[in-house]
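Novice: test case, fold it:
(one chain, ligands or ions: 1)
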Amino acid sequence: MSKSTISTFQLFAMFPNEEVARQYLEGRLWPNGPTCPECKSSKSVGARPKGYYRCYACDKLTFTVRTGTIFERSHIPLHKWVYAMYLLVTARKGISSMQLAKEIGVTQKSAWFMLSRLREAELDKFVDVVLAHKPKPKTKAAKRRERKKKRDAAKS
Ligand SMILES: [Zn+2]
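Specialist: Numbers count the residues shown, from 1 in each chain. Alright, predicted model coming up:
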């Protein structure tokens, strides 16, 4: 991937702990608020402590941001997952489970598990914001130019 990426330093500043990573992933996964993995609705969802949610439309089904994702049934803190994604995407020659284990401080078995999960995942869903610099918000003038371009394109 040739995307411009943030530095490791920036990454750590952005994701200092599990809590922040969880909130970030929740925002990515649920742009419209916590969404039940079963009925795909956010209407009857109530928040419980520590990132747990309950869907009252689905017989009080309890879920977290991990439910139904590559993070499910894993005890690895989410900020380590984020760092693993970062490494996987930024490593030019790929990354081995041994390397990953060393970098994020998990066992090689855990690292191997993470890599296999990450490789099957649609990483882009998560990493685009983690890794790419956010484009600067467009100025009014830039928006005007864009509209004009569209109008001109429509004319011809
Ligand atoms: Zn539900």
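
Novice: for the longest helix seen in the chain, what is the distance to the chain centroid?
Specialist: Counting residues, the longest helix in the chain under DSSP state H turns out to be helix 140-155. What separates the centre of helix 140-155 from the centre of its chain is 33 Å, taken as CA atoms, centre = their mean, to the nearest Å.

Novice: mind listing what's buried along that helix?
Specialist: By neighbour count, and taking 16 or more other CB atoms under 10 Å as the criterion, helix 140-155 has no buried residues at all. Heads up, the C-betas are built off the backbone N, CA and C, glycines and all.

Novice: stretch 18-32 now?
Specialist: Here stretch 18-32 shows Glu18, Ala21, Arg22, Tyr24, Leu25, Glu26, Leu29 as buried, counting by 16+ other CB under 10 Å.

Novice: again with stretch 66-74
Specialist: Arg66, Thr67, Thr69, Ile70, Phe71, Ser74.

Novice: do the same with stretch 75-84
Specialist: Along stretch 75-84, the positions that meet the burial threshold by neighbour count (16+ other CB under 10 Å) are Ile76, Pro77, Leu78, His79, Lys80, Trp81, Val82, Tyr83, Ala84.

Novice: other residues contacting that stretch?
Specialist: For stretch 75-84, the surrounding residues in contact (CB atoms under 8 Å, 6 or more residues apart in numbering) are 11, 15-18, 20-22, 24-25, 65-66, 71, 74, 100, 103-106, 110-111, 114-115, 118, 126, 130.

Novice: try stretch 110-117
Specialist: Stretch 110-117 has contacts (CB under 8 Å, 6+ apart) with 70-71, 74, 76, 81, 84, 88, 95, 97-98, 100-101, 104, 106.

Novice: from the buried residues of stretch 66-74, pick the one nearest Tyr53.
Specialist: Closest approach to Tyr53 among those (CB to CB): Thr67, at 8.9 Å.

Novice: can I assume that closest one sits in a strand?
Specialist: No: Thr67: not assigned to a strand; according to DSSP: H, G, I helix; E, B strand; the rest coil it is coil.

Novice: hmm, Glu38 and it touching each other?
Specialist: No: using CB atoms under 8 Å, Thr67 is not in contact with Glu38; the gap is 9.1 Å.
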